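[1] Sequence and predicted model, in that order:
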Amino acid sequence: MRSLKHTSIAYNQDMDEKELEEMKRKVEELEEEARKLKEMQEQVDMATSAEPNKEEVDARSIFVGNVSPSIYARVIGILTDSMPTG
């Protein structure tokens, strides 16, 4: 029959092993989450650093020609504010 001291040591070792395994599992989960976050950040960085498509820019732009140089940008802004956006 085991003594109380040996039983206590065995119980502590068993608990230590369970705690260690639980910690290892949590570390693995955190590493996986960190990897996913890194991938997401890389995708955001790529999306924000990409140059805009010329066709997209052209679709949002208008050409104003034959305008006297004496007209200020503010006046052009007032004229274009009434234009529909979409």
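    Great, that's in hand.
[2] From now on I want contacts and neighbour counts done on CA atoms only, so please keep to that.
    OK.
[3] Now name the helix or strand holding the residue nearest the centre of the chain.
    With distances taken as C-alpha atoms, centre = their mean, the residue of the chain nearest its centroid is residue 41 (4.0 Å). Per DSSP states H and E: residue 41 is located in helix 4-49.
[4] For that helix, name the packing helices and strands.
    For helix 4-49, there is no helix or strand it packs on, judged by 3 or more C-alpha pairs under 8 Å, 6 or more residues apart in numbering; DSSP states H and E.
[5] quick check: mean pLDDT across that helix?
    On average, the pLDDT along helix 4-49 is 83.
[6] what element comes up after that helix heading to the C-terminus?
    Under the assignment DSSP H and E, the closest C-terminal helix or strand after helix 4-49 is helix 54-60.
[7] mean confidence for that next one?
    In the prediction, helix 54-60 has an average pLDDT of 81.
[8] how distant is the helix or strand following that helix from the center of its chain?
    The C-terminal neighbour of helix 54-60 among helices and strands, as given by DSSP H and E, is helix 73-81. Relative to the centre of its chain, helix 73-81 is centred 37 Å away, using C-alpha atoms, centre = their mean, to the nearest Å.
[9] could I have helix 73-81 exported to PDB, CA atoms only?
    This file holds the C-alpha atoms of helix 73-81, laid out as PDB (Å, rounded to 0.1, in the frame of the first residue of the first chain):
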ATOM      1  CA  ALA A  73     -11.700  75.700 -57.500                       C
ATOM      2  CA  ARG A  74     -14.400  76.800 -55.100                       C
ATOM      3  CA  VAL A  75     -16.700  77.900 -57.900                       C
ATOM      4  CA  ILE A  76     -16.200  74.600 -59.700                       C
ATOM      5  CA  GLY A  77     -16.900  72.800 -56.400                       C
ATOM      6  CA  ILE A  78     -20.200  74.700 -56.100                       C
ATOM      7  CA  LEU A  79     -21.200  73.700 -59.600                       C
ATOM      8  CA  THR A  80     -20.300  70.100 -59.100                       C
ATOM      9  CA  ASP A  81     -22.000  69.800 -55.700                       C
END
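[10] So which residues make contact with it?
    Outside helix 73-81, not one residue touches it by C-alpha atoms under 8 Å, 6 or more residues apart in numbering.
[11] Just the mean pLDDT for that helix, thanks.
    78.
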